[in-house]
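Asker: Using only what follows, build the 3D model:
(one chain, ligands or ions: 1)
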Amino acid sequence: MAKLLLVNGPNLNLLGVREPDTYGTDSLDDVVDLVRSTAARWDMGVDAVQSNHEGVLIDAIHAARGTCAAIVINPGAFTHTSVALRDALTGVALPVAEVHISNIHRREPFRHHSFVSDVAELVIVGAGLRGYAYAVEGIARHVQQC
Ligand code: CA2
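Answerer: Next up is the predicted model:
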């Protein structure tokens, strides 16, 4: 069975704990469950990683080369800062779906630029946690060419 790598960046372990107006009330475990159930409809499995450490995320992306067919990533604040994360994504040359729970373009100007978006196949912003399901469907369709 083909697999997706689900990557969640810094502070996303706090989902459901704080800032419900911006990030909703569901937990990171709920997000992983949603991604797994959506991927299953496309006959895909999921490896999931969340870390507050850039290098851990980069290592997980490197490990996806040869084991996963695509990456669904919410890089958190590294979206706006990390050339290293972008280089890891281009380095493994897997199709990428970028997700943001909030609409980063409606927020502070420093959140408007993403180092990931122009190397992603698709970008979902502002759809809440449901955005992860849209991202899985979009990248599964891309991988399966349907
Ligand atoms: O909207 C998104 O998904 C973000 O990637 C979330 C990041 C933020 O830095 C990006 O600009 C947009 C922050 C994730 C922090 O998650 C929290 C969840 C609950 C409570 C506190 C932080």
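
Asker: thinking in terms of the whole chain, how far from its middle is stretch 112-123?
Answerer: 11 Å (CA atoms, centre = their mean, to the nearest Å).

Asker: quick one: contacts of that stretch?
Answerer: Contacts with stretch 112-123, where a contact means CB atoms under 8 Å, 6 or more residues apart in numbering, come from 73, 75, 79-83, 85-86, 89-90, 95-100, 104-105, 135, 138-139, 142. Yep, even glycine has a C-beta here, placed from its N, CA and C like the rest.

Asker: Which members of these are positioned in strands?
Answerer: Ile73, Val96, Ala97, Glu98, Val99, His100 (DSSP state E).

Asker: which bits of the chain sit near the ligand?
Answerer: Proximity of the chain to the ligand (CB under 6 Å from any ligand atom) is limited to residues 11-12, 14-15, 17-19, 23, 74, 76-77, 79, 100-102, 104, 111.

Asker: Try it again at 5 Å.
Answerer: 11, 14-15, 18-19, 23, 74, 76-77, 100-102, 111 (CB under 5 Å from any ligand atom).

Asker: what are the ranges of the helices in the chain?
Answerer: With DSSP state H as the criterion, the chain has helices at 20-23, 28-41, 54-64, 83-92, 130-144.
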